[in-house]
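Colleague: Sequence plus the predicted model coming up.
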Amino acid sequence: MQHRGVWIPGLVLSGILLSGCDELVLPPPSTVDVSEIKGEVIKELDKRYKEAKLDDLAGKQVFFKSEDFGSKPLGVNFYKDGTWRNDIGNFGNYTVDGTTVLVVDQAGLEIPHVFTNEIVKIGSVAEVPTTGLKYKVSVTKITSAVDPEELAATEKQNEPEPEDAPDEIDGYKVVGFAELSDFKFEVPDDPATDPKAKAILEKNVIPKKVRALDKKKIAIKGYMLPLRVEEGLITEFLVLRDQSACCFGAVPKINEWISVRMPKGKGVKPVMDVPIYFFGKFKVGEVLENDYLVGIYEMDGDKIGGPL
């Protein structure tokens, strides 16, 4: 009589002998000492939620994706002590009032996120009405929050090595956002014609070293946010300091972006989620639209290039 091995999903029964009297004869028990078997403890999978109440966000991580910027989802962890921390190193405090989550970042900037319902689900959208930039974020996933100490340790491990940027590239002076954003610039909520707004604007001072870059050819490294597309090419876009501008809890300050216009007929291909160099003639000064301040940096774009 032949020996047969019978395959059952997840289990192999081999060496089973079928005797003439239909007896099952099993192989001898294993002599392996199971105490010597070693391995890593399997961590419990993060709990996922279908929905969450805004007044019960503590202990949860909500992933947000920009509806306008087209970037990757960003995880934001909410804690019982009223603090939050996202997975790229931003942090601060938060409060909930009805359908609004008011986020205060580490610099003290208040950023309201206005939902349409007190219960958020996958696909729920929040409007983020901020001065200069207005956008929407949608919820892509809700899980249990990551321990803040573990998150901070991960962030430290993932910190990029400081890079040595050249002083000049192809005749363009290399400038960094660390220099362009190293000062406070208050943005009024009212039009510049309002006396209070006018007083705020008059009090703001752009440093001389930044003013000196006006009408100069510069190269700056940042992230592209397309604004206008013509025949498949980007003709107007923002250069952002980092990707935290695209999602919950880290609205860029007015000195952390540059509005760029390319010459007619010289649009560029979209490059998303990758920091690259942008080249052009830099302009420094208040930019008003319908008497509202919408920016302080502009650029007449010449070209874009990869990271060096």
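Modeller: Received it, and whenever you're ready, just let me know what you need.

Colleague: tell me which element Tyr277 is part of?
Modeller: Here Tyr277 sits within strand 276-289, counting by DSSP states H and E.

Colleague: which stretches of the chain form helices?
Modeller: 148-157, 177-180, 195-203, 208-211 (DSSP state H).

Colleague: what about this protein, any weak spots by pLDDT?
Modeller: Applying pLDDT under 70 to the chain flags the ranges 1-46, 67-71, 107, 130-134, 152-164, 243-251, 306-308.

Colleague: domains in it, as residue ranges please.
Modeller: If you go by automatic domain parsing, the domain ranges for the chain are 51-157, 168-305.

Colleague: Against Glu298, how distant is the closest residue to Asp214 other than its chain neighbours?
Modeller: Excluding its sequence neighbours, the residue lying closest to Asp214 (CB to CB, 6 or more residues apart in numbering) is Val284, at 4.1 Å. The way it works is simple: take the backbone N, C-alpha and C, and place the C-beta from them, glycine included. As judged by CB to CB, to the nearest Å, Val284 and Glu298 stand 8 Å apart.

Colleague: Save the domains of the chain as JSON lines, and put in mean neighbour count too.
Modeller: Formatted as JSON lines, these follow (neighbours: other CB atoms under 10 Å):
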{"stretch": "domain 51-157", "mean neighbour count": "17"}
{"stretch": "domain 168-305", "mean neighbour count": "17"}
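
Colleague: outside of stretch 188-208, which residues touch it?
Modeller: Stretch 188-208 is contacted from outside by 131, 182-183, 185-187, 284-286, 288, 290-293, 296, using CB atoms under 8 Å, 6 or more residues apart in numbering.

Colleague: biggest separation within those, which pair?
Modeller: Greatest spacing in the contacts of stretch 188-208, by CB to CB: Asp182 and Asn290 (29.4 Å).

Colleague: Now do the same contact list for Gly92.
Modeller: Thr83, Trp84, Val103, Val104, Asp105, Gln106, Gly249.

Colleague: Would you confirm that the fifth one contacts Asn86?
Modeller: No. Under the criterion of CB atoms under 8 Å, Asp105 is not in contact with Asn86, lying 9.9 Å apart.

Colleague: start to end distance for stretch 97-117?
Modeller: 11 Å (CA to CA, to the nearest Å).

Colleague: What angle do helix 195-203 and the strand holding Tyr277 make with each other?
Modeller: Angle, strand 276-289 to helix 195-203, by axes from the mean of the first three to the mean of the last three CA atoms, to 10 degrees: 140 degrees.

Colleague: and Phe278, bridged to which residues?
Modeller: Beta-bridge pairing for Phe278 (DSSP bridges): Ile220, Ile304.

Colleague: oh, and call the first residue 176 from now on, that's how I've got it
Modeller: Got it, the first residue is 176 from now on, which makes the last one we talked about Phe453.

Colleague: got the contact list for it?
Modeller: By CB under 8 Å, 6+ apart, the contact set of Phe453 is Ala394, Ile395, Lys396, Gly397, Met399, Val414, Ile433, Val435, Met474, Gly476, Ile479.

Colleague: now with 6 Å?
Modeller: Phe453 sits next to Ile395, Val414, Ile479 when contact means CB atoms under 6 Å, 6 or more residues apart in numbering.

Colleague: Next, find the distance separating it from Glu226.
Modeller: From Phe453 to Glu226 the distance is 41 Å (CB to CB).

Colleague: The residue lying closest to Ile344 once chain neighbours are set aside and Val350, how far apart?
Modeller: For Ile344, ignoring the flanking residues on the chain, the nearest one in space by CB to CB, 6+ apart is Ala394 at 4.7 Å. To Val350, Ala394 is 7 Å away according to CB to CB.

Colleague: how far away is the nearest residue to Gly273 once chain neighbours are set aside from Ser356?
Modeller: Residue nearest to Gly273 in three dimensions, not counting chain neighbours: Glu293, with 6.6 Å by CB to CB, 6+ apart. As judged by CB to CB, Glu293 and Ser356 stand 35 Å apart.

Colleague: Give me the subset of the contacts of Gly267 that lies in strands.
Modeller: Per DSSP state E, strands hold the following members of the contacts of Gly267: Thr258, Trp259, Val278, Val279, Asp280.

Colleague: a markdown table for these, including distance to Val380?
Modeller: Below are the ones in strands among the contacts of Gly267 laid out as a markdown table (distance: CB to CB, whole Å):
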| residue | distance to Val380 |
| --- | --- |
| Thr258 | 33 |
| Trp259 | 32 |
| Val278 | 28 |
| Val279 | 25 |
| Asp280 | 23 |
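
Colleague: just those now: which is nearest Tyr310?
Modeller: For the ones in strands among the contacts of Gly267, the nearest to Tyr310 is Val278 (14.0 Å; CB to CB).

Colleague: my read: the closest one touches Ile286, true?
Modeller: Yes. Val278 is within contact range of Ile286, at 4.5 Å (criterion: CB atoms under 6 Å).
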